[in-house]
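Asks: test case, fold it:
(chains A and B)
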Amino acid sequence: MIDPLERSYIETARREKRARLEALGIRPFAYRFERSHSAAAVVALWDDAMGDAGPQVRIAGRIAALRGQGKTMFAHLEDGSGRIQIYLKRDQLEPAWPLVELLDLDDHIGVTGRLFRTRTGEVSVWVAAVELLAKSLRSLPRGKVEKLADGSTVVHGGLTDPEVRYRQRYADFAVHPELRDDFRTRARAIAFVRRFLDARGYLEVETPVLQPLYGGAAARPFVTHHNALDMPLYLRIADELYLKRLIVGGFERVYEIGHDFRNEGMDRTHNPEFTMLEWYQAYADYIDMLEMVQEMVSGIVQECLGGLEHVRHGVPLNFAPPYRRVSFCEGIKAVCGIDVLTASEEEMRAFVATQGESLEAVRTMSGGRLLDEVFKHSLEPRLAQPTFVLDYPKALSPLAKTHRDDARLTERFELFVNGTELANAFSELNDPDDQRARFEDQGRQREAGDEEAQQMDADYVRALEYGMPPTGGVGLGIDRLVMLLTDHSSIRDVILFPAMRPEGDRRASPDADDAG
RNA sequence: GCGCCCAUAGCUCAGCCGGUAGAGCAAUCGCCUUUUAAGCGACAGGUCGCAGGUUCGAACCCUGCUGGGCGCACCA
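Replies: Here you go, the predicted model:
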């Protein structure tokens, strides 16, 4: 919408200042600056006993506030640690004063000076020398927070338009430093996962992102093309099939943290590329994996939030193990009285129809889809506390191994927190003939028009034919985990650069729109 | 893909029943040597998202388009 190259009168003014600086022989973009302290460290350094003889410091940062008073000037410098006030006095900076007069909000500067305390008590740096490190040619959309005498605050301006915030994430972070904390939390959670799995003998691996066949989940892929081979390639929708090939090859414990890509709708909980953690362990079953998930999730919560009890979206949650376990079928029966193993589809449709679904939609539901709807309207909304749902019916779980005690079920669990699925795990299907049959069945659904049905992966079946040991596997959505940790309800708030439509006027590319 | 809502100055917003736009902050200029929303004074800044239509006249009403938000659908 806004041409990024179009200059406002404010930018024009800043470019004029840049020219004036250069005419004075001042480089608007310096090369380096040696700091002695961060802003936060400088503030922490202060001791009232210092009186007028505070230590000399060298600090750098972005000018976050500027209050000129003629022959004197106050400013706040902001760096990665926080902010500190600086005080500039003309008679003590004389040769450099023309530079000071050409400073703008948002410029990066470096200063040297002594620590002191102002009349109003704020620890500040009395600047003896100032250097311009980087001129800002575009003003950041800063707000101003006014604190009124009664303690309330009024915000003047500021960056609030969600579109601009996501498109210009750099400006959003620059103006809202507290947002960076969510990504520190994210990094801590991922670092914890690595330590957790490494300590248990897992090997971190990297499997192909570009795949000749996509599989391991039901989703539409992104398609690209390899020029040299002149063939289509797909961005992976899951890591699963490659990681299990590694199990066949003798890597007994492997994990991967990486992006999967799904060519589907975008909303509060879906980004076209997202971060998935998958791990597989030979000779383990889904209950082994369940215990690991429980320990890992509690560990992450403890590590990132300090403590196991937290309110999320107004709901107090307790992450102390053991988490509740409920069987899929019995859980649903307890809530709505339907036994999904024996009930007729008519009975289930009748129930779903009472839950606000349109009659038309209900009429077309059958099989796995219908089961899923029953679950969605009965058990799932009640899963606020961390809860494992176990033993899904086969129709819902084409990739999981048949349950050892009940052939109608599979050995599968999902972890729910606050009604959202966090993890999905199986005792992995390792019977190559069964796997081939399921691929063939998927192939028939594909021919019937199901774009998401999986393709036959003959190489994967060949791997299974060599013999894959019994294996437990888990997939855990990192973005959703971080949403839980940071109490965000939009996945965009935990992804640095969420997917957006391109900005700008696209009428320049005619005929692109009306094809359909 | 469908529905509802939104788009006005660099930012945040106001603009009633149609009469061609205002405020605060930021900017520019002047004054000000301990301020912190600094203050005081002056001056600028807009193709009202884009394209049509209705009208003597459109930021405002209608249609289409673009982008966004929320919900639904799709989807783990």
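
Asks: residue ranges for the strands of the stretch 251-400 of chain A, please.
Replies: Ranges of strands within the stretch 251-400 of chain A are A:253-261, A:273-282, A:309-312, A:315-318, A:324-327, A:387-390, based on DSSP state E, counting those that start in this stretch.

Asks: tabulate those strands (CSV), appending distance to RNA strand B, mean neighbour count and mean pLDDT.
Replies: C-beta here means a position set from N, CA and C on the backbone, and glycine is covered the same way. Output for those, formatted as CSV (distance: least, Cβ to the nearest atom of the strand, whole Å; neighbours: other Cβ atoms under 10 Å; pLDDT from 0 to 100):
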stretch, distance to RNA strand B, mean neighbour count, mean pLDDT
strand A:253-261, 8, 20, 96
strand A:273-282, 8, 22, 96
strand A:309-312, 15, 14, 90
strand A:315-318, 16, 13, 91
strand A:324-327, 15, 16, 94
strand A:387-390, 9, 22, 95
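
Asks: let's have the ones you listed in a markdown table, adding distance to A:A53.
Replies: Shown next, in a markdown table, are the strands of the stretch 251-400 of chain A (distance: least, Cβ to Cβ, whole Å):
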| stretch | distance to A:A53 |
| --- | --- |
| strand A:253-261 | 52 |
| strand A:273-282 | 51 |
| strand A:309-312 | 46 |
| strand A:315-318 | 52 |
| strand A:324-327 | 62 |
| strand A:387-390 | 62 |
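
Asks: what pLDDT does the most far-flung residue of chain A relative to its centre get?
Replies: Residue farthest from the centre of chain A, counting by Cα atoms, centre = their mean, is A:D91 at 50.3 Å. pLDDT for A:D91: 93.

Asks: so who does it touch?
Replies: A:K71 (Cβ atoms under 8 Å, 6 or more residues apart in numbering).

Asks: surely A:I237 forms part of a helix?
Replies: No: membership of A:I237 in a helix is not supported by DSSP: H, G, I helix; E, B strand; the rest coil, which gives coil.

Asks: nearest residue to it other than its sequence neighbours?
Replies: A:A219 (4.5 Å; Cβ to Cβ, 6 or more residues apart in numbering).

Asks: give me every residue in the stretch 251-400 of chain A lying close to RNA strand B.
Replies: A:262, A:264-265, A:267-268, A:270, A:357, A:361, A:369, A:372, A:375, A:396 (Cβ under 7 Å from any atom of the strand).

Asks: what about the residue nearest to A:I237, neighbour count?
Replies: 17 (other Cβ atoms under 10 Å).

Asks: may I have the phi/psi pair for it?
Replies: Main-chain torsions, A:A219, degrees, to the nearest 10: phi -170, psi 160.

Asks: list the contacts of it.
Replies: Counted by Cβ under 8 Å, 6+ apart, A:A219 has contacts A:237-238, A:262-264, A:452.

Asks: one more: A:L379?
Replies: A:326, A:328, A:331-332, A:335, A:389.

Asks: swap in A:G299?
Replies: Contact analysis of A:G299 by Cβ under 8 Å, 6+ apart lists A:192, A:196.

Asks: and it, how far is that from RNA strand B?
Replies: Applying Cβ to the nearest atom of the strand, to the nearest Å, the value for A:G299 to RNA strand B is 22 Å.

Asks: by pLDDT, rank the residues of the stretch 251-400 of chain A next to RNA strand B and give me the bottom one.
Replies: The member of these with the lowest pLDDT is A:E357, and it reads 65.

Asks: how near is A:V297 to A:A453?
Replies: With distances taken as Cβ to Cβ, to the nearest Å, A:V297 is found 32 Å from A:A453.

Asks: and the two? which has more neighbours close in?
Replies: Higher neighbour count among A:V297 and A:A453: A:V297, with 22 against 17, using other Cβ under 10 Å.

Asks: against RNA strand B, how distant is that one?
Replies: A:V297 is 15 Å from RNA strand B, by Cβ to the nearest atom of the strand.

Asks: domain parsing for chain A?
Replies: A:4-139, A:180-338+A:378-514 (automatic domain parsing).

Asks: mean pLDDT for those domains: which is lowest?
Replies: For the domains of chain A, mean pLDDT drops lowest on domain A:180-338+A:378-514, to a mean of 90.

Asks: would A:A44 count as being in a strand?
Replies: No: under the criterion used here (three-state DSSP), A:A44 is helix, not part of a strand.

Asks: number of nearby residues for it?
Replies: Neighbours of A:A44 under the rule other Cβ under 10 Å: 13.

Asks: and A:G121, by the same measure?
Replies: For A:G121, the neighbour count with other Cβ under 10 Å is 7.

Asks: tell me which element it falls in.
Replies: Per DSSP states H and E, A:G121 falls between elements, in no helix or strand.

Asks: now do the contacts for the residue lying closest to A:L308 once chain neighbours are set aside.
Replies: Leaving aside its chain neighbours, A:L308 sits nearest to A:F319 (4.3 Å; criterion: Cβ to Cβ, 6+ apart). Going by Cβ under 8 Å, 6+ apart, A:F319 touches A:297-298, A:301-302, A:308-310, A:386.

Asks: show me what A:A129 bridges to in the sheet.
Replies: A:T112 (DSSP bridges).

Asks: coming back round to it: looking at the contacts of A:L379, spot the one nearest A:T160.
Replies: A:V389 (38.9 Å; Cβ to Cβ).

Asks: show me what contacts that closest one?
Replies: Neighbours of A:V389 in contact, by Cβ under 8 Å, 6+ apart: A:326-328, A:331, A:379, A:383, A:413-414, A:416.

Asks: what's the closest of those to A:T12?
Replies: For the contacts of A:V389, the nearest to A:T12 is A:F416 (55.0 Å; Cβ to Cβ).

Asks: and that closest one, how far from RNA strand B?
Replies: With Cβ to the nearest atom of the strand as the criterion, A:F416 and RNA strand B are 10 Å apart.

Asks: so that residue makes contact with A:L390?
Replies: No: applying Cβ atoms under 8 Å, one finds A:F416 not in contact with A:L390, separated by 11.5 Å.

Asks: for whichever strand or helix holds A:E11, what is the distance to the chain centroid?
Replies: Using DSSP H and E, A:E11 falls within helix A:9-23. Relative to its chain's centre, helix A:9-23 lies at 38 Å (Cα atoms, centre = their mean, to the nearest Å).

Asks: how about stretch A:27-45?
Replies: With Cα atoms, centre = their mean as the basis, the mean position of stretch A:27-45 lies at 30 Å from the chain mean.

Asks: how about that stretch: buried residues?
Replies: A:28, A:30, A:35, A:37-39, A:41-43 (16 or more other Cβ atoms under 10 Å).

Asks: quick one: it near RNA strand B?
Replies: No: applying Cβ under 7 Å from any atom of the strand, one finds stretch A:27-45 separated from RNA strand B by no less than 12.5 Å.

Asks: need the residues that contact that stretch.
Replies: The contact list for stretch A:27-45 (Cβ under 8 Å, 6+ apart) reads A:18, A:21-22, A:54-61, A:77-84, A:110, A:115, A:123, A:125, A:131-135.

Asks: name the element the residue nearest to A:R165 when sequence neighbours are not counted belongs to?
Replies: Leaving out its chain neighbours, the residue that sits closest to A:R165 by Cβ to Cβ, 6+ apart is A:D172, at 4.4 Å. A:D172 is located in helix A:169-175, with elements delineated by DSSP H and E.

Asks: after that helix comes which helix or strand?
Replies: Immediately after helix A:169-175, counting by DSSP H and E, sits helix A:179-199.

Asks: neighbours around the residue nearest to A:L390 when sequence neighbours are not counted, how many?
Replies: For A:L390, ignoring the flanking residues on the chain, the nearest one in space by Cβ to Cβ, 6+ apart is A:F413 at 4.6 Å. If you count neighbours by other Cβ under 10 Å, A:F413 ends up with 28.
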